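1. Structure for the following, please:
(4 chains)
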Protein chains: 4
Amino acid sequence: MSYSVAVAGASGYAGGELLRLLAQHPELDVRTATAFTNAGERVTSVHPHLASYSGMTFAKTEAEQLRGHDVVFFALPHGASGALSAELAADGADTVLADCGADHRLESTDDWADYYGSEFAGTWTYGLPELVLADGGRQRELLRGAREIAVPGCNVTAVTLALAPAINAGLVEAADLTAVLAVGPSGAGKKASTTLLGAELMGSANPYGTDGGHRHNPEIRQNLRRAGGRPVTLAFTPVLVPMARGILATTTAKLASGAALDDLRAAYERVYGDERFVDLLPAGEWPRTGDVTGSNRAAIGIGVDERARRLVAVSAIDNLGKGTAGAAIQSVNLALGLDETRGLPIDGVAP
Amino acid sequence: MSYSVAVAGASGYAGGELLRLLAQHPELDVRTATAFTNAGERVTSVHPHLASYSGMTFAKTEAEQLRGHDVVFFALPHGASGALSAELAADGADTVLADCGADHRLESTDDWADYYGSEFAGTWTYGLPELVLADGGRQRELLRGAREIAVPGCNVTAVTLALAPAINAGLVEAADLTAVLAVGPSGAGKKASTTLLGAELMGSANPYGTDGGHRHNPEIRQNLRRAGGRPVTLAFTPVLVPMARGILATTTAKLASGAALDDLRAAYERVYGDERFVDLLPAGEWPRTGDVTGSNRAAIGIGVDERARRLVAVSAIDNLGKGTAGAAIQSVNLALGLDETRGLPIDGVAP
Amino acid sequence: MSYSVAVAGASGYAGGELLRLLAQHPELDVRTATAFTNAGERVTSVHPHLASYSGMTFAKTEAEQLRGHDVVFFALPHGASGALSAELAADGADTVLADCGADHRLESTDDWADYYGSEFAGTWTYGLPELVLADGGRQRELLRGAREIAVPGCNVTAVTLALAPAINAGLVEAADLTAVLAVGPSGAGKKASTTLLGAELMGSANPYGTDGGHRHNPEIRQNLRRAGGRPVTLAFTPVLVPMARGILATTTAKLASGAALDDLRAAYERVYGDERFVDLLPAGEWPRTGDVTGSNRAAIGIGVDERARRLVAVSAIDNLGKGTAGAAIQSVNLALGLDETRGLPIDGVAP
Amino acid sequence: MSYSVAVAGASGYAGGELLRLLAQHPELDVRTATAFTNAGERVTSVHPHLASYSGMTFAKTEAEQLRGHDVVFFALPHGASGALSAELAADGADTVLADCGADHRLESTDDWADYYGSEFAGTWTYGLPELVLADGGRQRELLRGAREIAVPGCNVTAVTLALAPAINAGLVEAADLTAVLAVGPSGAGKKASTTLLGAELMGSANPYGTDGGHRHNPEIRQNLRRAGGRPVTLAFTPVLVPMARGILATTTAKLASGAALDDLRAAYERVYGDERFVDLLPAGEWPRTGDVTGSNRAAIGIGVDERARRLVAVSAIDNLGKGTAGAAIQSVNLALGLDETRGLPIDGVAP
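-> As a prediction, the model looks like this:
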């Protein structure tokens, strides 16, 4: 069976990656791609890499164009999906909506008010199937049959996957987590900004925590609280480095009394051993972002610094793949009752 | 139907890309991957990006291991495929051999002696299906049913595709061609060399013509002679630039008397209009290597500098994709009678 | 003796490099740095690398602020220096003006009309001291005592230095030149543009000839005509590559009948042998842009492709150094009667 | 007065940077540059960026060549300086020795045994003048008149400068420090290794902690213990990112009870307010490595994550500048009684 798909905001980086991955999906069929300023242009003039879309042009991003599809992906600036999804919901159709923006990720209205300030748009089902929950279940169960999906932020996914098993198992102290991320600038979107110019970024590592960075903090804490059943605190610092894509999250946590590397490895294997899109690397191997480029895979390495008594857990994802578009498709697969891995690559494009 | 495949020299960059692309091929089934120094190691310890090969280890590169497959790809250092292919041929099996090395590309023993010096290993069917021939045919016809395939050099493919239609149509002077290539270092292979260190290459553009570069010259001339029916001369300069993959070939040629851009565009459309893996870009658009990363696609843009009366034809390929592994698989598809496009991506991974 | 200096447009890349180099100049003393939108901000908030300017703020770019200095450097968008320099000239002061923009480079009003279209602003003394003239002299003689200096475009300098000696000696045919440039994006300025985003440029080589590129063509032809005494034609293609700074110009020219590499080498040595800022590399060595980063030096390598009968001359410069700010200071040194090399580095920052 | 200088191991990255910086030093005069395999070659054939050394060739690295200079810098592989310095010391000359290798940095023979295993070579005066000591003094006092100087490791300098003031002031808990470093590959030296190939590093962020990384840990702890007067523990993870040079150290520490950002800022200003080579950035600004490229400057930004009650202190240095060669020259300036800033740049080369 084939499902008709619309991608709203398809001219940006996240939208382009949705189109790229969906072109390989046997059951999801992109009928409509919309844009704001690029409406009316050929898809291949904006995304010359997407030869599969030769002949398609961008429609205007408006409810009229998005209506009537089985699945609608939103890859819009934060704040833009609310009105559109309300209009679509008013039709009473059984459409699956997957929002790659931040609008529907947080559960706490207080967190939303603290970090965003605008009107709270409601919480949708969180699109991170591999998230382990305090009761031992997984988030994927909640995604089966879901109709409104909030796709996680890319930095959030990297940190959550790195730390959740340790938190879940109670092997680290939840009150003292740190995460430093090396991130590529495609995660900041395709917006004309001197801060993101090639000349500014090449040959330099630039902290990027002051605006978008901190907004990811409550979402991470929300995830880890769900994984461990109690609040966590986290110091979180993203750093832009000169690569177009990729996130390497280096996280640390204080070991709980008596916890040892073997316990941790067992906990991570318990959580990720059967996951198709999360690879726990053998002891002594560490993930590289280049190895997950273009894929929906996360690679995770763990170690213990015995002197410091801290867990060091490092995760690598493609911010546009498992970090955004891949996660959206994976969640939609679950929502539609398809095989969760349908149409999603696990091999990275390296070197 | 499924064909059993061995990849010899699978621990290098070209071999890794063969494995990556073959994992998506519905009819080609990799049973054996061999290596020299990495024999016995897990494929994923050498190629952590190839999660599809989890559980496979490298066999030793020797005839014994390669025997008994329907298809054998050689991704070996120059000079290494001769003895192995002789051993395999001695079995009398109907194996398809595709050599990604230089050993069997040249037709002229003089050229071979001039540029390589070692013993001439014989000429195999040239694996560039889109090459237009002087008689109006295409190289693909010769590849149908072939059993020994010489995969073109990556720089050669980029320059050949950019210039062949103009040469074929007689719209440029064959005696005065130039090509300058911006190339990523993966084309130079995974060998420990201080010249190829990240610290040497990042932040710098480095000419790279003195050794490997010139060896590509006779192969390009051979192709263009076949396209135009008469000898050509070419000044050819590759430049290493700081990107892992990709070749951008900027070629120029003196316009034949009376030739105009419209004639050229018509000629390129005639040659490439029906090609699935060669995109002629609309007037005013130029190819970028990032847009073909990971794909088997070449993108080509052409223009005319009226004052200088020169054609400027620019092509972009992924050196490991259409430049090597993709071309090998495309040619093997033809050799086996499969759909030529089987298992080969046309979308690039961008940004 | 110390000269007071103002830099107009000091918040951009060219202006920042002027400030950086001038901080090391023993006789030139920056009293004023101006900007448009950044007026009033600390210099170090816009240029955090310029610790030497701690405590200075940008003044407004207007004649009032620039008046009363011995030297004024313009690092403004094209078209902006005309009115300002007219206001300053009206004072009757003996100020040295050096314009890093294009406004005063061309001699031909026709060329100006063809490529720019706006009102012709007049021709200033051309700031490329090493340019060899048809009569055997050098451009530097014209710069001694000059009061209005047109600093060459960076791409122009790279191509001119690579080809001028061969043209001057009549060893190549002037009618058939080609140049392909690998350029870093800082040459395109610090302007918010999605085309210049890090995510677009990293991992990709992108032709960049359609706008700014071609405007450099008449300036190159003007230089080479002055070097050789007759008109030249040139096909010129710049390519953006992933490095913040640097230009590698690969130029070719058809050898004149009978010309040989030895003749060419002798010609280049005659022209550059005594130049402090132009290095002719030994036979078999080729320049790399990383080796001239941050310096006022050009490195040049030459070779002959005997089969193609073409000269290949490759030059490397830092687009902001010898390509812009260094050339401006070198020319001002000459204008003021100072040692031409005063305050200018010859060592690059590598790796 | 002028001092004669020899640089042992001048063909590597650290040695090249010593030569580059020393060329600008008014009192230090490089008479001899030695190498192992490159002995006999022109300096400019190995370091084409060092035009200042045109005409000089590398001598052999042996005591005979190094003898008779006022200052000898060692930029050798770990373990190589011991025998050479013993031979030189045997002469009884008053030579100043500065070792950029690890051999003489550690005070504890136990630490040495744990992390290196070879014979302990003795402790030299530590070359980080800005290190604040528990008694309120600075390390620079110990360097005045020193004759044997151990230049700190580059990663160590970045982490030490970021955390020492907070430790010194007792505003953070010494037992729970973390540091994640984004580092360029030039810090790993100019050695042929497939791990450091451009193709492996470009487009990827790769953890690099398993070998060299951990060896820096005891040196950092030694420094911070001297700063705070009590032992510290630290989880330390370096990550290779695609830039030739630079270290961005993101460090965190748990705030001591009652400590606030104002206290911390006051402490950092007390320690660094008068330092010429350490810049404490204004509130809300964070350092970028590109801004210190080529300089001897460290830039430091601090903030507090109030929810997590952790200090986040980020430092940026050039690993070859303030991280190695600059620190060596700065320390030698002190040893010789020269102005500490002599010959050392504070402006970075950006963009």
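
2. Who are the contact partners of residue A:298?
-> By CB atoms under 8 Å, 6 or more residues apart in numbering or on different chains, the contact set of residue A:298 is A:130, A:157, A:158, A:161, A:277, A:278, A:279, A:292, A:315, A:316, A:317, A:322. In this view, the C-beta of every residue, glycine as well, is placed from N, C-alpha and C.

3. Quick check, the fifth one in contact with residue A:300.
-> Read it as residue A:277. No. Applying CB atoms under 8 Å as the test, residue A:277 and residue A:300 come out as separate, 11.1 Å apart.

4. pretty sure residue A:46 is in contact with residue A:11, am I right?
-> Yes. If you go by CB under 8 Å, residue A:46 and residue A:11 touch, sitting 5.0 Å apart.

5. Mutual contacts of the two, please.
-> Counting by CB under 8 Å, 6+ apart, the residues touching both residue A:46 and residue A:11 are A:35, A:38, A:58.

6. Show me those that map onto strands.
-> residue A:35 (DSSP state E).

7. quick revisit: of the contacts of residue A:298, which is the most crowded?
-> When neighbours are counted by other CB atoms under 10 Å in any protein chain shown, residue A:292 leads those with 37 neighbours.

8. Quickly note the distance from it to residue A:245.
-> Using CB to CB, to the nearest Å, residue A:292 is found at 9 Å from residue A:245.

9. joint contacts of the two?
-> Here residue A:292 and residue A:245 share the contacting residues A:318, A:321, scored by CB under 8 Å, 6+ apart.

10. okay, the contacts of residue A:298 in JSON lines with distance to residue D:330 next?
-> As requested, those are exported to JSON lines (distance: CB to CB, whole Å):
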{"residue": "A:130", "distance to residue D:330": "50"}
{"residue": "A:157", "distance to residue D:330": "44"}
{"residue": "A:158", "distance to residue D:330": "39"}
{"residue": "A:161", "distance to residue D:330": "43"}
{"residue": "A:277", "distance to residue D:330": "50"}
{"residue": "A:278", "distance to residue D:330": "47"}
{"residue": "A:279", "distance to residue D:330": "45"}
{"residue": "A:292", "distance to residue D:330": "42"}
{"residue": "A:315", "distance to residue D:330": "39"}
{"residue": "A:316", "distance to residue D:330": "37"}
{"residue": "A:317", "distance to residue D:330": "41"}
{"residue": "A:322", "distance to residue D:330": "45"}
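
11. Give me the subset of these lying in helices.
-> Secondary structure from DSSP state H places A:157, A:158, A:161 of these in helices.

12. Just the pLDDT for the last one.
-> pLDDT for residue A:161: 98.

13. For it, which residues are in contact?
-> A:128, A:130, A:278, A:298, A:300, A:315, A:317.

14. change it to 10 Å
-> Neighbouring residues of residue A:161 by CB atoms under 10 Å, 6 or more residues apart in numbering or on different chains: A:128, A:130-132, A:152, A:223, A:249, A:251, A:268, A:271-272, A:275, A:277-278, A:298-300, A:313, A:315-317, A:322.

15. Contact residues of the stretch 101-250 of chain A facing chain C?
-> A:184-204, A:240-245 (CB under 10 Å from any CB of the partner chain).

16. mind giving me the domain split of chain A?
-> A:3-151+A:322-336, A:155-319 (automatic domain parsing).

17. quick one, which of those is packed in tightest?
-> The highest mean neighbour count among these, using mean count of other CB atoms under 10 Å in any protein chain shown, belongs to domain A:155-319: a mean of 23.

18. end-to-end on that one?
-> In domain A:155-319, first residue to last residue: 7 Å (CA to CA, to the nearest Å).
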